[in-house]
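J.: This is a predicted model, with the sequence first.
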Amino acid sequence: MWRFSLQKRCFHCSLSAMKKLKGKTAAEQRWVLRQLKDPYVKASHALNFRCRSAFKLLQIDDKFRLLQPGSSVVDCGAAPGAWSQVAVQRVNSAGTDQDLPRGTVIGIDLLNIPPLDGAHFLSSHDVTDPATHAKLRELLPQGEAHIILSDMAPNASGFRDMDHERLITMCLSLIDLAEKILLPGGSLLCKYWDGVFSHQLQEKLSSVFSSVRTIKPQASRMDSAEKYFLARMYRKPFK
Ligand SMILES: C[S@@+](CC[C@H](N)C(=O)[O-])C[C@H]1O[C@@H](n2cnc3c(N)ncnc32)[C@H](O)[C@@H]1O
């Protein structure tokens, strides 16, 4: 009996998978099949996260305890909003726990970010634009943040070296942002695609942060060049 129902369920699954694959290119089919098998995609649906990347931040934060209740967080490249969901929970910016201090979460993206209770979103904003930096200073409590998160990524061109270099340039712009908004002692977590310029980014970060480490959370796919730098103990340069 159970075997029959299992067979029926598998038949059902493969039928719905086949429907999802219909009319797709080979590359799109590979992506759909990978998504269907991915435990983090399933878990993100079950826990109402907007995408699987939530687990990367959860795993990093479980280990390094970056996000504390009451902290102010700027989430760069926030769409669709999964990292912001994690940040809202951990810094208590929706005021869910009345016994804990209430934090702040501001998300920025070139794309539209659907609203989220506890977060303020700057959709259609470029993180590298000084006008965005000025807006952040207006929105943050006392104009300052404890943590800058960046999961930003340019649209991949398919040319690995070029994509790597573009993302490194975007990450370097976060050092300018830090100078404007990051509190002394604050942290910066940024995604990069590993390559020849990673070392340059690490050196620049090390010149203004006391500790810089490389992280590859479990939820980051092994076959991806994606890694994160976690830079802590910001030393604000004197002007
Ligand atoms: C991998 S997604 C981020 C996913 C997000 N962390 C989440 O958990 O929902 C990368 C995002 O970076 C954004 N992005 C790329 N360049 C940007 C820029 N210059 N300013 C703001 N956002 C940017 C893209 O539009 C894209 O939505």
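T.: Looks like it came in fine. Numbering: from 1, shown residues only.
J.: Distance check, the closest residue to the ligand within the chain against residue 122.
T.: In the chain, the residue that lies nearest the ligand is residue 77 (2.8 Å; C-beta to the nearest ligand atom). For glycine as for every other residue, the C-beta is placed from the backbone atoms N, C-alpha and C. Shown here: residue 77 relative to residue 122, a distance of 12 Å by C-beta to C-beta, to the nearest Å.
J.: quick check: domain ranges of the chain?
T.: Using automatic domain parsing, the domains assigned to the chain come out as 2-37, 50-234.
J.: Distance to residue 43, mean neighbour count and mean pLDDT for these - can I get that in JSON lines?
T.: Putting those into JSON lines (distance: least, C-beta to C-beta, whole Å; neighbours: other C-beta atoms under 10 Å; pLDDT from 0 to 100) gives the following:
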{"stretch": "domain 2-37", "distance to residue 43": "13", "mean neighbour count": "11", "mean pLDDT": "59"}
{"stretch": "domain 50-234", "distance to residue 43": "7", "mean neighbour count": "18", "mean pLDDT": "97"}
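J.: Residue 164 and residue 191, how far apart?
T.: Taking C-beta to C-beta as the measure, residue 164 falls 12 Å from residue 191.
J.: Longest strand of this structure, counting residues only.
T.: The longest strand of the chain (DSSP state E) is strand 182-193.
J.: Sheet-wise, list the partners of it with their directions.
T.: Counting by DSSP bridges, the strands paired with strand 182-193 are strand 145-150 (parallel), strand 226-234 (antiparallel).
J.: got those as JSON lines, with distance to the ligand columns?
T.: Converted to JSON lines, the strands paired with strand 182-193 look like this (distance: least, C-beta to the nearest ligand atom, whole Å):
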{"stretch": "strand 145-150", "distance to the ligand": "8"}
{"stretch": "strand 226-234", "distance to the ligand": "9"}
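J.: which residues sit in contact with residue 137?
T.: 143, 180, 181 (C-beta atoms under 8 Å, 6 or more residues apart in numbering).
J.: List just the nearest of these to residue 28.
T.: Among those, residue 181 lies closest to residue 28 (C-beta to C-beta), at 39.2 Å.
J.: Spell out which parts of the chain neighbour the ligand.
T.: Residues of the chain found near the ligand (C-beta under 6 Å from any ligand atom) are 50-51, 53-54, 77-83, 108-111, 126-128, 151-154, 170.
J.: Return the subset of those lying in strands.
T.: Among the residues of the chain next to the ligand, the ones falling in strands (DSSP E) are residue 108.
J.: where along this protein do the helices fall?
T.: Assigned by DSSP state H, the helices in the chain fall at 2-21, 26-37, 39-46, 54-64, 82-91, 130-139, 160-181, 198-208.
J.: Next, the angle from the longest one to strand 182-193.
T.: Angle, helix 160-181 to strand 182-193, by axes from the mean of the first three to the mean of the last three C-alpha atoms, to 10 degrees: 170 degrees.
J.: what comes into contact with helix 160-181?
T.: In this structure, residues lying in contact with helix 160-181 by C-beta under 8 Å, 6+ apart are 74, 76, 127-128, 133, 136-137, 140, 143-145, 148, 150, 152-154, 156-157, 186, 188, 190-198, 200-201, 204-205, 208, 225, 229, 234, 236-237.
J.: for it, the distance to its chain's centre please.
T.: 14 Å (C-alpha atoms, centre = their mean, to the nearest Å).
J.: so how far is the first residue of stretch 100-115 from its last?
T.: Start to finish, the residues bounding stretch 100-115 are 23 Å apart (C-alpha to C-alpha, to the nearest Å).
J.: swap that for stretch 24-43, sorry
T.: End residues of stretch 24-43 are separated by 25 Å (C-alpha to C-alpha).
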